[in-house]
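Undergrad: Quick one, fold the following:
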Amino acid sequence: MKFSKPPGLPPGLRMLCAKENSKGSGLSLGLRMLCSVAALCLSTALGQIAEAKPAKAELSPPVSRALLQLESYIQTEMRKHGYPGCAVAVVHQGKVVLLKGFGNTKKGSVERINADTVFQLGSVSKPVTATLIARLQQKGSLKVTAPITRYIQSFLAKDFEQNRNLKIWHLLSHTTGWGRHGFNQQIESKVTRPLLLKNLQKSLPLGLVGRHYDYHNVAFSLIEDVVTSAEKQPFTAVLKNELFKPLNMYRTTSSWGELMAQKNRAWPHVRDKNNRIRPLSQYSKHYYEAVCSAAGINSSVRDMSAFLRLQMGDFPQILGKDSLRIFHSPHIKAPDAQPRFQEYRDKGVSSYYGLGWRLVDIGGERIVYHGGWLKGFTNFLAFLPKHQVGIVILHNAESRFAIKASMSFFDAYLKLKQEGQILE
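TA: Here you go, the predicted model:
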């Protein structure tokens, strides 16, 4: 299958390339190692990232009132629909202003959800993985503009042009050209990872690399092989050492066994044939082995609040804002997300995919976010870059509750902030 000439890089990646080219041949290996040691010393000097605790300082009226409305909304919706529970964290201008659990870990159980309760993140794993790639790029271990064949020579796409043009950023933005049809069913059917990748190699592209968007868990997961090759250690080990440990995300893991070892974990819930919410007897397991980078991470809201703060530039000793900017920038239109924001269509809605992150523009406000589903769980992670406010809701049932509660908070915050400006 032949396509026309591939497109140029998105603006953010063009800037990255220009910046790299201006450096000439780049730093020597020895100097890069020296810089890495210096960065490590700086991190040590600054001290470890403290565990998240809600800020005690007086909050601005828009934040405090929006938080009250959020808690009221959560409690009302949980009673109305019989949801088992959720955990919530809100970050505002570098401070954790809400860190709380609601309801129970399992229907019929007395165990309460708290800030340390662990949930399966589902696709919220993607921005976590993308952040790891940002850190590795900052270190000089890899470049998102590099071809994937530089790192995984054994993987050859069936289409010659696709194989030649495929870059790391295409994996992270779901613009590999491959169609996802049938691959999620293969994951659910417990097809092994080697066979999934073999089937991917045999697939012909549906569109041009860099221009054809199709949300593809298996194609995204090729990033694991890239990381393993670049760092000479397993993807999960790199994730732990380069991201979880520096951020003190000690409850965040990337395997089914580690999830089972957690006593404080939420159970998945679904609706039965009578539309009643009930707990499942087991957790989704195969995603850890098949597509860990795309949907195989477990975490708590305390840990994810630190992750959220990192996205808003609070820990420059770990990852600088410039390193994250291209990941938070739109790289391709993502029409599949439009239906999630139908209630805002009168304000104008434009949705995109960045590198491991979704973006939506609503009435002039940009939200950087990602949702996550895994059987029995639906989660939502989002922030408003302009206002430095963000939220994460982890929910142990299948519903639109997490995104609706998050959007209700943003709506309240923006409305109250606007009212305050008018009064001033």
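Undergrad: so which helix or strand takes in the residue positioned nearest the centre of the chain?
TA: With distances taken as CA atoms, centre = their mean, the residue of the chain nearest its centroid is Pro127 (2.3 Å). With the criterion set as DSSP states H and E, the secondary-structure element containing Pro127 is helix 125-139.
Undergrad: Hmm, Leu355 and the residue nearest to the centre of the chain touching each other?
TA: No: under the criterion of CB atoms under 8 Å, Pro127 lies out of contact with Leu355, with a separation of 9.1 Å. Just so you know, the C-beta spots here come from the backbone N, C-alpha and C atoms, and that holds for glycine as well.
Undergrad: what about the nearest residue to Arg251 once chain neighbours are set aside, neighbour count?
TA: Distance criterion CB to CB, 6 or more residues apart in numbering; nearest residue to Arg251, sequence neighbours excluded, is Ser300 at 4.6 Å. Ser300 has 29 neighbours, counted by other CB atoms under 10 Å.
Undergrad: any idea which helix is longest in this structure?
TA: In the chain, assigned by DSSP state H, the helix with the most residues is helix 401-423.
Undergrad: elements contacting it?
TA: In this structure, helix 401-423 makes packing contacts with helix 61-81, strand 85-92, strand 365-374, strand 377-384, strand 389-395, judged by 3 or more CB pairs under 8 Å, 6 or more residues apart in numbering; DSSP states H and E.
Undergrad: quick one: average pLDDT of it?
TA: Confidence for helix 401-423, expressed as mean pLDDT, is 89.
Undergrad: Please point out which parts of it sit buried.
TA: Of the residues in helix 401-423, 401-410, 412-414, 416-417 count as buried by neighbour count, 16 or more other CB atoms under 10 Å.
Undergrad: And for stretch 254-262?
TA: Burial within stretch 254-262, assessed by neighbour count using 16+ other CB under 10 Å, is assigned to 254-256, 258-259.
Undergrad: same deal with stretch 352-364?
TA: 352-362.
Undergrad: Could you check the pLDDT of Cys159?
TA: Just so we're on the same page, residue 159 is Asp rather than Cys. If you check Asp159, the pLDDT there is 84.
Undergrad: Report the separation between it and Leu204.
TA: Asp159 is 6 Å from Leu204, where distance means CB to CB, to the nearest Å.
Undergrad: Of the two, give the one with the bigger neighbour count.
TA: Neighbours were tallied for Asp159 and for Leu204 using other CB under 10 Å; the higher tally belongs to Asp159 (19 against 12).
Undergrad: Need the nearest residue in space to the more buried one, chain neighbours excluded.
TA: If the residues on either side of it in the chain are set aside, Asp159 comes closest to Pro205, at 5.4 Å by CB to CB, 6+ apart.
Undergrad: Likewise for Ala130?
TA: Going by CB to CB, 6+ apart, Ala130 has Gly356 as its nearest residue, at 2.3 Å.
Undergrad: So that neighbour is in contact with Ile133, correct?
TA: Yes: applying CB under 8 Å as the test, Gly356 and Ile133 come out as touching, 7.3 Å apart.
Undergrad: Now list whatever residues contact both of these two.
TA: 172, 327 (CB atoms under 8 Å, 6 or more residues apart in numbering).
Undergrad: Do a quick rundown of the helices in the stretch 101-250 of the chain.
TA: Assigned by DSSP state H, counting those that start in this stretch, the helices in the stretch 101-250 of the chain fall at 125-139, 160-165, 168-173, 183-188, 193-202, 217-220, 223-231, 235-239.
Undergrad: What helices and strands are in contact with the second one?
TA: So the one you mean is helix 160-165. In terms of contacts (3+ CB pairs under 8 Å, 6+ apart), helix 160-165 is not packed against any helix or strand.
Undergrad: Going by distance to His92, which of the buried residues of helix 401-423 wins?
TA: Sorting these by distance to His92 puts Tyr413 at the head of the list, at 8.6 Å, by CB to CB.
Undergrad: What's the local residue count around the residue nearest to that closest one when sequence neighbours are not counted?
TA: The spatial neighbour of Tyr413 that comes closest, neighbours along the chain excluded (CB to CB, 6+ apart), is Ala66 at 4.1 Å. One way to gauge burial is a neighbour count; for Ala66, by other CB under 10 Å, it gives 28.
Undergrad: Now do the same for Ala66: its pLDDT.
TA: At Ala66 the predicted local confidence, pLDDT, stands at 97.
Undergrad: looking at it, it is touching Leu416, isn't it?
TA: Yes: the criterion here is CB under 8 Å, and Ala66 meets it with Leu416 at 5.8 Å.
Undergrad: nearest to Gln388, of the helices of the stretch 101-250 of the chain?
TA: Gln388 sits nearest to helix 125-139 of all these, at 17.2 Å, using CB to CB.
Undergrad: Now tell me what touches the closest one from outside.
TA: The contact list for helix 125-139, computed with CB under 8 Å, 6+ apart, reads 32, 36, 121, 142-144, 168, 172, 220, 223, 227, 230-231, 238-239, 242-243, 292-297, 299, 307, 310-311, 318-320, 323-324, 327, 355-357, 370, 372, 381.
Undergrad: how does it look with 6 Å?
TA: 142, 144, 172, 239, 242-243, 293-297, 319, 323-324, 327, 355-357, 370 (CB atoms under 6 Å, 6 or more residues apart in numbering).
Undergrad: That helix: how far from the chain's middle?
TA: Shown here is helix 125-139, whose average C-alpha point lies 10 Å from the average C-alpha point of the whole chain (CA atoms, centre = their mean, to the nearest Å).
Undergrad: Flag every buried residue along it.
TA: Neighbour-count burial for helix 125-139 flags 125-137, 139 (criterion: 16+ other CB under 10 Å).
Undergrad: and the residue nearest to Arg251, what is it in contact with?
TA: Applying CB under 6 Å, 6+ apart to Ser300 gives the contacts 116-118, 251.
Undergrad: and with 10 Å instead?
TA: Applying CB atoms under 10 Å, 6 or more residues apart in numbering, one finds that Ser300 lies in contact with 52, 87, 89, 99, 101, 113-119, 249-252, 262, 264-266, 392, 394.
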